[in-house]
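Engineer: here's my sequence, what's the structure:
(4 chains)
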Number of protein chains: 2
Amino acid sequence: MTAKPEKPLREACIEEALAIIEQGGVEALSLRAVARRLGVSHQAPYKHFPSREHILAEIVARTFDEFAAHLDARPAAADPFADLRALGERYLDYARRYPLKYRLMFNAALPPLPEHPEMMRNAERAFAILRTRLGQMALRQAPGGAAPHLDAMVIWSALHGLASIEHADVLATLDMERADMQRAEERMFARLSAAFRPEE
Amino acid sequence: MTAKPEKPLREACIEEALAIIEQGGVEALSLRAVARRLGVSHQAPYKHFPSREHILAEIVARTFDEFAAHLDARPAAADPFADLRALGERYLDYARRYPLKYRLMFNAALPPLPEHPEMMRNAERAFAILRTRLGQMALRQAPGGAAPHLDAMVIWSALHGLASIEHADVLATLDMERADMQRAEERMFARLSAAFRPEE
DNA sequence: CCCCGAGGTTGACAGCGTCAACCATGGTGC
DNA sequence: GCACCATGGTTGACGCTGTCAACCTCGGGG
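Structural biologist: Okay, the predicted model is just below:
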């Protein structure tokens, strides 16, 4: 009676694995720990997942899904810059709220992609949302049809870079305070606006 | 006679560890493997490094040094945009040439910083180079004295983001080719120039 | 000459992923 | 009703890892 519904062990494994990752990072995940927490033998999870890599791939796949949903939940804005900013804020919000999950998707050494098609598909979906939305914005703003997906890449890079730097203990290393990070975000949105304003 | 100069085991350990990391990534590094490769007992390295974390910290510290030197080796350019571009290219060049070392510095879960002061100091040095140079450029270009280190952060984020995205198997996941990445880099420099051009 | 510390050794332990064998259980073909 | 087999659980073992502990073996300083 550990609050587990007893039956669907496979699902319980994923749940528990996610919990472990969320508190200790991906390197803290071990199938044996999952089994121990669930009160089953160390080989029980192995009946549902061929290897550690496979359970990780499934978790990453779900995380990409969650991330995509988080980005999609943003209310549409009229002004394209407000739109960009709203999407950017949602992006950074996710990275801040779930730093370990964010690292899981982007920073960690992922299991080799071709062997885990579902993970790849979900990742594609999340990226597609980013690319099309950012691309549309860039397109609406920039001069005629110049490969908007490249501009999407630029904006995405900036967002990912900021999120990623924030995750490193840069604040501790450099003499920066939390507030500086907030101001850096402001500055970034301002610079992006400037970068995409129509040429005079 | 394995080409090792026999004597300075500590140095040989670091060398060998770096070699392992460069071919297999940080998670492939094990002190026992280092010892095996050097033909010594599994505890020999342990006489020179208190733990795996400590040898890793030293390697990271040296990598930050190398990275800083790589950035510094760039020839000075007259035009600030050419300057930015040159520095940016050196940055991305390093990330491409030594992807695993780059991950080591920025992506991997580093050993807790406060316990490894030398690593922290070297990281600071590398960051300082980035911040001051990028900051100077932003300052020369942007309107009066508006916190150039924030602009440095913006530029750094963009560079790091692009490098990081390039490292993920995004090219495989998305339907992108190598050439697209090159063009994204071009686009990024163009957009950065636009973002920092003086306001009309 | 004795001692001791620096740097090497072997041995052990626990935790990990994984392979193999075994076993209960429930549903199907006959 | 019974043989059969797949499913999902078990225990046990292997080799890998980091790390602790004890031991050995020098070379130099009191």
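Engineer: and the one helix or strand in chain A whose mean pLDDT sits lowest, how far out from the chain's middle?
Structural biologist: Lowest by mean pLDDT, DSSP states H and E among the helices and strands of chain A is helix A:170-173, with a mean of 74. Chain-centre distance of helix A:170-173: 22 Å, with C-alpha atoms, centre = their mean, to the nearest Å.
Engineer: same thing with stretch A:85-103?
Structural biologist: On C-alpha atoms, centre = their mean, the centre of stretch A:85-103 falls 7 Å from that of its chain.
Engineer: who's in contact with it?
Structural biologist: Contacting residues not belonging to stretch A:85-103 are listed as A:21-22, A:25-26, A:63, A:66-67, A:70-71, A:73-75, A:77, A:130, A:133-134, A:137, A:155, A:159, A:162-163, A:166-167, A:185, A:188-189, A:192, B:109 [C-beta atoms under 8 Å, 6 or more residues apart in numbering or on different chains]. Every C-beta, even on glycine, is put in place using the N, C-alpha and C of the backbone.
Engineer: buried residues, that stretch. List them.
Structural biologist: Burial within stretch A:85-103, assessed by neighbour count using 16 or more other C-beta atoms under 10 Å in any protein chain shown, is assigned to A:85, A:87-88, A:90-92, A:94-95, A:98-103.
Engineer: picking up where we left off before, and the contacts of stretch A:85-103, which are buried?
Structural biologist: Among the contacts of stretch A:85-103, the ones that count as buried by 16+ other C-beta under 10 Å are A:21, A:26, A:63, A:66-67, A:70-71, A:74, A:130, A:133-134, A:137, A:155, A:159, A:162-163, A:166-167, A:185, A:188-189, A:192, B:109.
Engineer: where does chain A have low pLDDT?
Structural biologist: Residue ranges of chain A with pLDDT under 70: A:1-7, A:74, A:76, A:138-145, A:199-200.
Engineer: am I right that residue A:173 is in contact with residue B:113?
Structural biologist: Yes: counting by C-beta atoms under 8 Å, residue B:113 is a contact partner of residue A:173 at 6.2 Å.
Engineer: residue nearest the centroid of chain A?
Structural biologist: Centroid check for chain A by C-alpha atoms, centre = their mean gives residue A:102 as the closest residue, at 4.0 Å.
Engineer: and the next helix or strand past the helix or strand hosting that one?
Structural biologist: According to DSSP states H and E, residue A:102 maps onto helix A:99-106. For helix A:99-106, the following helix or strand on the C-terminal side (DSSP H and E) is helix A:117-141.
Engineer: now that following helix and helix A:99-106, what's the angle there?
Structural biologist: Relative orientation of helix A:117-141 versus helix A:99-106 (axes from the mean of the first three to the mean of the last three C-alpha atoms, to 10 degrees): 90 degrees.
Engineer: angle of the following helix or strand past helix A:117-141 against helix A:99-106?
Structural biologist: Under the assignment DSSP H and E, the closest C-terminal helix or strand after helix A:117-141 is helix A:148-167. For helix A:148-167 against helix A:99-106, the angle by the same axes, to 10 degrees is 140 degrees.
Engineer: what helices and strands are in contact with helix A:148-167?
Structural biologist: helix A:80-97, helix A:99-106, helix A:117-141, helix A:178-196, helix B:148-167, helix B:178-196 (3 or more C-beta pairs under 8 Å, 6 or more residues apart in numbering or on different chains; DSSP states H and E).
Engineer: if we go to 6 Å?
Structural biologist: Helices and strands touching helix A:148-167, as assessed by 3 or more C-beta pairs under 6 Å, 6 or more residues apart in numbering or on different chains; DSSP states H and E, comprise helix A:80-97, helix A:117-141, helix B:148-167, helix B:178-196.
Engineer: which of those sits closest to residue A:43?
Structural biologist: Minimum separation from residue A:43 across the helices and strands packed on helix A:148-167 (C-beta to C-beta) falls at helix A:117-141, 23.9 Å.
Engineer: the closest one packs against which elements?
Structural biologist: Helix A:117-141 packs on helix A:52-72, helix A:80-97, helix A:148-167, helix B:170-173, going by 3+ C-beta pairs under 6 Å, 6+ apart.
Engineer: how about the longest one: buried residues?
Structural biologist: What that stands for is helix A:52-72. Neighbour-count burial for helix A:52-72 [16+ other C-beta under 10 Å]: A:52, A:54-68, A:70-71.
Engineer: check the shortest one too.
Structural biologist: Along helix B:170-173, the positions that meet the burial threshold by neighbour count (16+ other C-beta under 10 Å) are B:170, B:173.
Engineer: what comes into contact with it?
Structural biologist: Contacts with helix B:170-173, where a contact means C-beta atoms under 6 Å, 6 or more residues apart in numbering or on different chains, come from A:113, A:120, A:123, A:124.
Engineer: quick check: closest non-adjacent residue to the last one.
Structural biologist: With sequence-adjacent residues excluded and distances taken as C-beta to C-beta, 6 or more residues apart in numbering or on different chains, residue A:124 is closest to residue B:173, at 5.7 Å.
Engineer: separation between the one you found and residue A:120?
Structural biologist: Between residue B:173 and residue A:120 the computed distance is 6 Å (C-beta to C-beta, to the nearest Å).
Engineer: ok, now residue A:59?
Structural biologist: From residue A:59 over to residue A:120 the distance is 14 Å, taken as C-beta to C-beta.
Engineer: dump the C-alpha coordinates for the helix holding residue A:102 into CSV.
Structural biologist: Taking Å, rounded to 0.1, in the frame of the first residue of the first chain, the C-alpha atoms of helix A:99-106 are listed here in CSV:
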residue,chain,number,x,y,z
PRO,A,99,15.9,22.8,-14.9
LEU,A,100,16.7,19.1,-14.8
LYS,A,101,14.1,18.2,-17.3
TYR,A,102,15.4,20.9,-19.6
ARG,A,103,18.9,19.6,-19.3
LEU,A,104,17.5,16.2,-20.0
MET,A,105,16.3,17.3,-23.4
PHE,A,106,19.1,19.5,-24.4
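Engineer: next one: that helix to chain centre, how far?
Structural biologist: That offset, for helix A:99-106, works out to 6 Å (C-alpha atoms, centre = their mean).
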